[in-house]
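Asker: need a structure here:
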Amino acid sequence: MNQRTGIAARTSLALMLAALLSACATSTDPWTGEPRTSRTGAGAGIGAGIGAVIGAVSGGDRLKRAAIGAGVGALAGAAVGNYMDR
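Answerer: Model (predicted):
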């Protein structure tokens, strides 16, 4: 496996996991019965995306920094979204 294939495989795996986790962030509004995305899940997704981009462009080992940035961004976004859900 060459380096390009490894990066493509990791990227597609990360995107599939993100799609799977975003499906878990949906709930039903008790008043209207309509499906609603929680702000915690949306915040985690947005934070992970922004954190990964910032980590990747910051230099050094891009994959490692992008993963760290995505993790920190997801935690921060989930915390803000959880606060907004209350």
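Asker: can you name every helix or strand that the top helix by length along the chain contacts?
Answerer: Longest helix in the chain by number of residues, with DSSP state H as the criterion: helix 62-85. With contacts defined as 3 or more Cβ pairs under 8 Å, 6 or more residues apart in numbering; DSSP states H and E, the secondary structure elements packing on helix 62-85 are helix 39-57. To be clear about C-beta, it is placed using only N, CA and C from the backbone, and glycine gets the same treatment.
Asker: return the set of buried residues in the helix it packs on.
Answerer: The neighbour-count criterion (16 or more other Cβ atoms under 10 Å) identifies 39-52, 55-56 as the buried residues of helix 39-57.
Asker: swap in stretch 73-86?
Answerer: By neighbour count, with 16+ other Cβ under 10 Å as the criterion, the buried positions of stretch 73-86 are Gly73, Ala74, Ala76, Gly77, Ala78, Val80, Gly81.
Asker: where does the residue lying farthest from the centre of the chain land in three-state SS?
Answerer: Among residues of the chain, the one most distant from the C-alpha centroid is Trp31; the distance is 28.3 Å, by Cα atoms, centre = their mean. The local conformation at Trp31, judged by DSSP: H, G, I helix; E, B strand; the rest coil, is coil.
Asker: can you give me phi and psi for it?
Answerer: Torsion angles at Trp31 (phi, psi; degrees, to the nearest 10) stand at phi -90, psi -40.
Asker: let me see the confidence value for it.
Answerer: Trp31 is assigned a pLDDT of 83 by the prediction.
Asker: that older thread, now the two most distant members of the buried residues of stretch 73-86.
Answerer: When those are compared pair by pair using Cβ to Cβ, the farthest-apart members prove to be Gly73 and Gly81, with a separation of 11.9 Å.
Asker: give me the most central residue, this protein.
Answerer: Centre-most residue of the chain, counting by Cα atoms, centre = their mean: Gly45, 3.2 Å.
Asker: isn't that one up against Gly77?
Answerer: Yes - with the criterion set as Cβ atoms under 8 Å, Gly45 and Gly77 qualify as a contacting pair; they are 7.1 Å apart.
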